[in-house]
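>>> Pasted the sequence and its predicted model underneath.
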Amino acid sequence: MAVEAAIELFVCDTCRYRPDQRECEGRSGGVQLAEHLERQLSDAPMAGVQLRRVSCLMACSRHCTVHIRSAGKFGYLIGDFPPDAASAATVLTYVDLYRQSDTGQVPYRSWPQAIKGHFIARTPP
C-alpha cells in the first residue's frame, strides 16, 4: 500500500451552498466546509494530507467541491456536499482510503455510503 506520497486536498472556498444563496452565516459554503475539514484534521491528523483552500474549482453547479490528488495517482473532483461536519468526515474517510491505494482507485464496495453520487470528475495521474 502506498502511503508515502503527499495527498493534496483542495477545497473551493468560493462555493456557495445553494444556488440561491451566496453566503450562509456570513461565509460561503466552501469556507464552512473547509473549516470543518481543517478542524477534523487538527483533531485527528492524517499523515501526508495537505489541505489547501483555493478560489474556484469551476464546478459551481456542484457546490462545496473538493479535489483530491497525489503524484502518480488518479485525482478526483467531488462535490454537492452540505457544508457540515458530516460531509467533512465523509470526505476524510474517503481520503484515507485513497491514501492507502497505490493508484488512487478505491474499490466501490469500500466507498462510504455518503460519498456515492458526489463524484464529478476523475483526472489521470
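Cool, got the structure.
>>> isn't A86 right up against A114?
Yes. A86 is within contact range of A114, at 7.1 Å (criterion: Cβ atoms under 8 Å). C-beta here means a position set from N, CA and C on the backbone, and glycine is covered the same way.
>>> Spatially nearest residue to G117 (excluding sequence neighbours)?
Once flanking residues are discounted, G117 sits nearest to D80: 7.4 Å by Cβ to Cβ, 6 or more residues apart in numbering.
>>> With Q40 instead?
A88 (5.2 Å).
>>> outside of the helix or strand hosting the one you found, which residues touch it?
If you go by DSSP states H and E, A88 is part of helix 85-100. Residues from elsewhere that reach helix 85-100 (Cβ atoms under 8 Å, 6 or more residues apart in numbering): 1-3, 7, 9, 33, 36-37, 39-41, 46, 48-49, 64, 66, 68, 70, 73, 76, 78, 81, 104, 106, 110-112, 114-115.
>>> Now do the residue most central in space within the chain, the pLDDT please.
Centroid-nearest residue in the chain: V66, 3.6 Å away (criterion: Cα atoms, centre = their mean). Here the pLDDT value assigned to V66 is 97.
>>> Let me see the ranges of the helices in the protein.
29-43, 85-100 (DSSP state H).
>>> Make JSON lines out of these and add mean pLDDT.
Shown next, in JSON lines, are those (pLDDT from 0 to 100):
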{"stretch": "helix 29-43", "mean pLDDT": "95"}
{"stretch": "helix 85-100", "mean pLDDT": "97"}
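>>> do you know which of these lies nearest P125?
helix 85-100 (12.5 Å; Cβ to Cβ).
>>> Now do the buried residues in the closest one.
Under the neighbour-count criterion of 16 or more other Cβ atoms under 10 Å, helix 85-100 has S87, A88, A89, T90, V91, L92, Y94, V95, D96, L97, Y98, R99 buried.
>>> quick check, distance from that helix to the centre of its chain.
7 Å (Cα atoms, centre = their mean, to the nearest Å).
>>> who's in contact with L57?
By Cβ under 8 Å, 6+ apart, the neighbours of L57 are F10, C12, C15, T65, H67, L77, G79.
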